[in-house]
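Chemist: dropping a prediction and its sequence here:
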Amino acid sequence: MNDDDLEHPEEEFRRKIELEEEEKKLEETLELQRRIENEAKQKHLAEQQKKLSGTCLEEVTDKLQDCQLKPVADGSDVQQYIRLPMQV
């Protein structure tokens, strides 16, 4: 056995360890990137939901303001709009 025969397996082993370390770093980077993207998606969805709920609230408020009931003095005007069930 000469020195070249001993160095070759050591180099392969070192290279294998380096590749495994590099792979681990890439996996960690990918996981971090996924986490960042998910957080951005969640933030975007929360903003959309907030905007939508605000829009719905504005629409309800507008509708309520459009159909404000005017007070009735004696209630006689209301009778024409109310249908009482017929008794048999």
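Modeler: All right, it came through fine.

Chemist: biggest helix in the chain by residues?
Modeler: Longest helix in the chain, counting residues (DSSP state H): helix 3-66.

Chemist: which secondary structure element of this structure has the lowest mean pLDDT?
Modeler: Using mean pLDDT, DSSP states H and E, helix 76-79 stands out as the lowest-scoring helix or strand of the chain, at a mean of 59.

Chemist: Leu57: neighbour count?
Modeler: Residues contacting Leu57 under the criterion other Cβ atoms under 10 Å number 10. Heads up, the C-betas are built off the backbone N, CA and C, glycines and all.

Chemist: correction: Glu20
Modeler: Glu20, neighbours per other Cβ under 10 Å, totals 10.

Chemist: can you tell me how far Ile36 sits from Glu12?
Modeler: From Ile36 across to Glu12, the span is 36 Å (Cβ to Cβ, to the nearest Å).

Chemist: likewise for Thr61?
Modeler: Taken as Cβ to Cβ, the span from Thr61 to Glu12 is 73 Å.

Chemist: distance check, Glu12 against His44.
Modeler: Glu12 is 47 Å from His44, where distance means Cβ to Cβ.

Chemist: what stretches of the chain score poorly on pLDDT?
Modeler: For the chain, applying pLDDT under 70 flags the ranges 1-6, 66-88.

Chemist: burial check on Cys56, number of neighbours?
Modeler: Around Cys56 there are 10 residues (other Cβ under 10 Å).

Chemist: same thing with Lys43?
Modeler: Lys43: 10 neighbours (other Cβ under 10 Å).

Chemist: try the one 3 residues further on
Modeler: Neighbouring residues of Ala46 were enumerated by other Cβ under 10 Å; the total is 10.

Chemist: just the one 4 residues further on next, same as before
Modeler: The criterion is other Cβ under 10 Å. On that basis, Lys50 has 10 neighbouring residues.

Chemist: mind checking how far Leu64 is from Lys51?
Modeler: Distance, Leu64 to Lys51, using Cβ to Cβ: 21 Å.

Chemist: and for Arg35?
Modeler: The spacing between Arg35 and Lys51, counted by Cβ to Cβ, is 25 Å.

Chemist: and Asp62, by the same measure?
Modeler: To Lys51, Asp62 is 17 Å away according to Cβ to Cβ.
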